[in-house]
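Engineer: fold the following.
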Amino acid sequence: MAGAFRTTPTNALEIDMAIPPITITLDVILEGYANRMHKLKTTNPIVERLTEEWRKGNKATYPPPLPSRRKTRNKKKVKPTQLEKITGLTYSPMEGESIDPFISPPWRKTAGDYGNRLTITGVPKECKKVEEAKKHNEKLKEMERDEDRIVVYSDGSMREEDDDWESKIVGWGMVGYHQGREIFSSRGGLGHHAEVYDAELVVTSAYGPKPAPGQTQMLSVTHHIDRFLDGQGDRTVNIGWCPGHQEVKGNKRADGEAKRGAGKWSTDYTTMTNAKRRTKEKALKTWREDWKKKTPTGGFAIANRLEPRWRLREHVIHTPREVFGRLTQCHTKHAFLGEYFARFVPHEKTGCICGERYQTREHVIKTCPQYEGHRYILRKADEHLELGRLLGTKEGLEAMTKFLEKTGAFTKTGTKRKQKETPTEEDDENNEEEGRWWQRMERMRDEADGLMEREGEEAGRGGGEERDDGRWEGDREDEDATTQGTDRRGEENTHHGRL
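Structural biologist: Down below sits the predicted model:
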């Protein structure tokens, strides 16, 4: 995936490829499993083995056949089971969101049952906010001329007072218009343990509750829409997305209300989306703390300046794999270098193609005359060609990528590799003709084998009466037939060899 040598340090590849260490990965998986406990019914066999708190104070409907632990007279504190340890990693069911996997019956109404009276449009593919804002404003002018239509905007906002997630407060806002005139507004807060996603669920995902985060809000909106449409046959509801932070008057007002709503007091209610985000944030924080504590060593030490993160960096995504492989080899110093060969492959030559007796990474980047014609690319990032800046900063890595694309630095031969040619239509035609030729050869081979088998069967058929000497009358004929069959097979084999 990274095009690195087998001897490359694991921590260097983890940072480059945004893959956390295995211990942190297992912690994330374990907490994710704990969060999924909130998606189980209280009658689930797993939940039945937990405390009554997980069943919201109700006793087990179907108690497990065996107790979770044996009763003893020992007065020591009983150790929690492994299942109870896992549930201790997430919030209590009484403190946050629980998801019912069977909330929607099969006979429920869907948006399709209302036909054109209920339309829901999501975010278009390849969306450009400026263009979508213009389209929305043009459509809004038509809706404002309709005296029977009310336009409602909703939005969510998060206010961050500190880097810690406990200081983040989420609010929601809503504004209604009739013929361009504001007729109502509302706002509220969701507390510290919610996300902007929870405040914006009214759009596109609102109708038809699903076994997903925000289920309660979905159910409430669905019931309101059903009552409104069932109240009168000519009523219609259109739910759509509009671009935020553009020149859309209603969206600006809803965003302002959401920001003021974030300041309103609200009881903390943990949502599933917030629990998932905190799990990843905690894991990333642990990863970065471990990264800062470790003293950089080896060839990667001078390049180890970019802190770990969850997403791949741009130079990883947009760089061709062959070039990225050389880039990885370069900044870890596990590359086609004389100093690498001296350590790991002693029988390889340690000199450079320019004549330098001992080839090093610094020599290739700074002084090797083979690449002097393209070294200006590196000097744009750092005039003094300092390896720490070239290999450990965003600007330096971009310059190093361009430098490697132009040269054959850090290849086995030291020269630029030839790129594979893109296949053409003529190549496809040649491949098809070659395929047909092989099919003809296979058919002729099969026909020859079939002929040989038939002749062998005819030669094997023999019979006659037994003579006084114990031989069969037909033995001589069999021998002749066998001889003829052998001769024919010889001819066939010769013919097959010519094919």
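Engineer: just how off-centre is whatever helix or strand Glu257 lives in within its chain?
Structural biologist: Counting by DSSP states H and E, the element that carries Glu257 is helix 249-262. Taking CA atoms, centre = their mean, to the nearest Å, one finds the center of helix 249-262 at 33 Å from the center of the full chain.
Engineer: and the helix or strand that it is followed by, what does it pack against?
Structural biologist: Using DSSP H and E, the helix or strand that directly follows helix 249-262 along the chain is helix 272-293. Helices and strands touching helix 272-293, by 3 or more CB pairs under 8 Å, 6 or more residues apart in numbering; DSSP states H and E, are helix 22-35, helix 196-199. Where you see a C-beta, it was placed from the backbone N, CA and C, and this is true even at glycine.
Engineer: which parts of the next helix or strand after the first one are buried?
Structural biologist: What it means is helix 22-35. Tracing the chain past helix 22-35, the next element assigned as helix or strand by DSSP H and E is helix 45-48. Within helix 45-48, the residues that count as buried by 16 or more other CB atoms under 10 Å are Val47, Glu48.
Engineer: how about the helices and strands packed on helix 272-293, which one is nearest His245?
Structural biologist: helix 196-199 (12.8 Å; CB to CB).
Engineer: what helices or strands is that closest one leaning on?
Structural biologist: By 3+ CB pairs under 8 Å, 6+ apart, helix 196-199 packs against strand 150-160, strand 168-178, helix 272-293.
Engineer: let's see 10 Å
Structural biologist: strand 150-160, strand 168-178, strand 181-191, helix 215-231, helix 249-262, helix 272-293 (3 or more CB pairs under 10 Å, 6 or more residues apart in numbering; DSSP states H and E).
Engineer: need the winner for burial among the ones you listed.
Structural biologist: Across the helices and strands packed on helix 196-199, averaging neighbours per residue (mean count of other CB atoms under 10 Å) puts strand 168-178 on top, at a mean of 22.
Engineer: could you list the paired strands of it along with their orientation?
Structural biologist: When pairing is defined by DSSP bridges, strand 168-178 lines up against strand 150-160 (antiparallel), strand 181-191 (antiparallel).
Engineer: still on that earlier bit, and of the helices and strands packed on helix 272-293, who's closest to Ala254?
Structural biologist: The nearest among these, by CB to CB, is helix 196-199 at 10.3 Å.
Engineer: which residues are in contact with that closest one?
Structural biologist: With contact meaning CB atoms under 10 Å, 6 or more residues apart in numbering, helix 196-199 is reached by 97, 154-158, 168, 170-173, 188-190, 205, 213-214, 216-217, 258, 261-262, 269, 271-274, 277.
Engineer: how about Met143, secondary structure?
Structural biologist: Assigned with DSSP: H, G, I helix; E, B strand; the rest coil, Met143 falls in the helix class.
Engineer: the spatially closest residue to it that is not a sequence neighbour: what's it in contact with?
Structural biologist: Counting by CB to CB, 6 or more residues apart in numbering, Met143 lies nearest to Arg149, which is 5.2 Å off, once chain neighbours are set aside. Going by CB under 10 Å, 6+ apart, Arg149 touches Glu142, Met143, Tyr177, His178, Gln179, Thr236, Asn238.
Engineer: tell me how many other residues crowd the fifth one.
Structural biologist: In this case it means Gln179. Gln179: 14 surrounding residues under other CB atoms under 10 Å.
Engineer: centre-most residue in the chain?
Structural biologist: Arg311 (10.4 Å; CA atoms, centre = their mean).
Engineer: quick check, pLDDT for that residue.
Structural biologist: In this model, Arg311 is scored at 91, pLDDT.
Engineer: can you offset everything so residue one is 40?
Structural biologist: Sounds good: first residue 40 from here, last item Arg350.
Engineer: which SSE is it in?
Structural biologist: Judged by DSSP H and E, Arg350 forms part of no helix or strand.
Engineer: list the contacts for it?
Structural biologist: Contacts of Arg350 by CB under 10 Å, 6+ apart are Ala57, Ile356.
Engineer: same thing but at 8 Å, please
Structural biologist: Ala57 (CB atoms under 8 Å, 6 or more residues apart in numbering).
Engineer: swap in Trp93?
Structural biologist: Met76, Thr81, Val86, Thr126, Ser131, Pro132.
Engineer: so which of these is the most crowded?
Structural biologist: Of those, with other CB under 10 Å as the count, Thr126 tops at 22 neighbours.
Engineer: how close does it get to Glu411?
Structural biologist: 64 Å (CB to CB, to the nearest Å).
Engineer: and Ile222, by the same measure?
Structural biologist: In terms of CB to CB, Ile222 sits 72 Å off from Glu411.
Engineer: same thing with Ser305?
Structural biologist: 65 Å.
Engineer: tell me which of these two has more neighbours.
Structural biologist: Ser305 (16 against 10).
Engineer: for the more buried one, which non-adjacent residue is spatially closest?
Structural biologist: Gly228 (3.8 Å).
Engineer: what count of nearby residues applies to Met133?
Structural biologist: For Met133, the neighbour count with other CB under 10 Å is 10.
Engineer: correct me if wrong: it contacts Arg94.
Structural biologist: No - with contact defined as CB atoms under 8 Å, Met133 does not reach Arg94; the gap is 10.6 Å.
Engineer: picking up where we left off before, for Thr454, state which of the contacts of Arg188 is nearest.
Structural biologist: Asn277 (62.7 Å).
Engineer: name the element the closest one belongs to?
Structural biologist: Per DSSP H and E: strand 276-279 holds Asn277.
Engineer: next one: that strand to chain centre, how far?
Structural biologist: 31 Å.
Engineer: what pairs with it, parallel or antiparallel?
Structural biologist: strand 157-160 (parallel).
Engineer: for burial, what's the neighbour tally of Thr454?
Structural biologist: Neighbour tally, Thr454, other CB under 10 Å: 12.
Engineer: for it, what are its contacts?
Structural biologist: Thr454 neighbours (CB under 8 Å, 6+ apart): Ile392, Gly447.
Engineer: low-scoring stretches of this protein, by residue?
Structural biologist: Applying pLDDT under 70 to the chain flags the ranges 105-111, 200-205, 241-245, 457-473, 476-477, 490-538.
Engineer: go again using 50 as the cut-off
Structural biologist: For the chain, the stretches with pLDDT under 50 are 502-538.
Engineer: need the contact list for Arg274.
Structural biologist: So Arg274 contacts Arg156, Phe267, Leu268 (CB under 8 Å, 6+ apart).
Engineer: now with 10 Å?
Structural biologist: Arg274 neighbours (CB under 10 Å, 6+ apart): Tyr153, Arg156, Leu157, Asp187, Ile264, Phe267, Leu268.
Engineer: so how far is stretch 152-160 from its chain's centroid?
Structural biologist: Worked out by CA atoms, centre = their mean, stretch 152-160 lies 33 Å from the chain centre.
Engineer: what about the nearest residue to Leu426 once chain neighbours are set aside, neighbour count?
Structural biologist: The shortest distance from Leu426 to any non-neighbouring residue, by CB to CB, 6+ apart, is to Ile341 (5.3 Å). Neighbour count of Ile341, defined by other CB under 10 Å: 19.
Engineer: thanks again, I'm all set now.
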